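**Q** just coords:
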């Protein structure tokens, strides 16, 4: 989501972390001593590997990784009454950004976590939304990608729990549990920091409300 990545980076930088941001719009020449900029397009999974290689070379193995695939770059709207009307190429692009590149990022993160000491944060966050458990007209391809990545986070949270690696799917909601369409980057940063600092895995599905934190809305939606 636009604005989320810079806000999360500011939060962690304020806590003493050196941060790296990867996006198509970033200029590597604008990097500073405390922020590494990497020009990347996650429609190409190789760019994810290249970003990790660059981070490890300049800053070291990352202990906290946030995958924030920009929805607009990964979404082709379909007619509300005809979800299969979008071109295959557009569907594949959305799945690559929302899922395939997220898989590569989580894979790279886990490889790095295995080399870090037990006191390191070793946390991976996928910034999601309500589409993994709810249908919104015209968002079928985005929902397919978010659902697949939510499953990855659920599986990873269980599989790596005993090793101290933490994996989360973050979904900001309104106070009543309904979808929020303008997310708050600072609220994401606060949540991610708290979860990264925790010693153990929390609920992998982190539905949360700004100013409140984690809130379980499972009873509101059933697929």
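**A** Thanks, I have it. Owing to the predicted nature of the structure, the values given are computational and were not obtained by experimental measurement.
**Q** check contacts around the residue nearest to the spatial centre of the chain.
**A** The residue lying closest to the centre of the chain (CA atoms, centre = their mean) is residue 126, at 2.2 Å. Neighbouring residues of residue 126 by CB atoms under 8 Å, 6 or more residues apart in numbering: 67, 102, 106, 149, 150, 152, 153, 167, 168, 169, 170. Yep, even glycine has a C-beta here, placed from its N, CA and C like the rest.
**Q** switch to 6 Å and redo it
**A** Shown in contact with residue 126 (CB atoms under 6 Å, 6 or more residues apart in numbering): 67, 102, 149, 153, 169.
**Q** average pLDDT for the particular helix or strand that has it in it?
**A** Counting by DSSP states H and E, the element that carries residue 126 is strand 123-127. The average pLDDT within strand 123-127 is 98.
**Q** remind me what the longest strand seen in the chain packs against, helices and strands.
**A** Counting residues, the longest strand in the chain under DSSP state E turns out to be strand 166-172. If you count contacts as 3 or more CB pairs under 6 Å, 6 or more residues apart in numbering; DSSP states H and E, strand 166-172 packs onto strand 123-127, helix 140-159, strand 205-209.
**Q** so what's the residue nearest to the centre of the chain bridging to?
**A** Under DSSP bridges, the beta-bridge partners of residue 126 are residue 67, residue 169.
**Q** ok, which stretches of this protein are helices?
**A** For the chain, applying DSSP state H gives helices covering 4-14, 45-58, 88-95, 101-113, 140-159, 185-197.
**Q** for residue 77, which of the ones you listed is the nearest?
**A** With respect to residue 77, and counting by CB to CB, the nearest of these is helix 140-159 at 8.7 Å.
**Q** how about residues contacting the closest one?
**A** So helix 140-159 is contacted by 75-76, 78, 83, 86, 91, 94-95, 98-99, 102, 126, 128, 131-132, 167, 169, 201, 204 (CB under 6 Å, 6+ apart).
**Q** give me the buried positions along that helix.
**A** If you call a residue buried by 16 or more other CB atoms under 10 Å, then helix 140-159 has these buried ones: 140-150, 152-154, 156-157.
**Q** farthest-apart pair in the residues you listed, please.
**A** 140 and 157 (26.0 Å).
**Q** leaving out the residues flanking it, which one is nearest to residue 61?
**A** Closest residue in space to residue 61, ignoring its immediate chain neighbours: residue 112 at 4.2 Å, by CB to CB, 6 or more residues apart in numbering.
**Q** for residue 100, which non-adjacent residue is spatially closest?
**A** residue 45 (5.5 Å).
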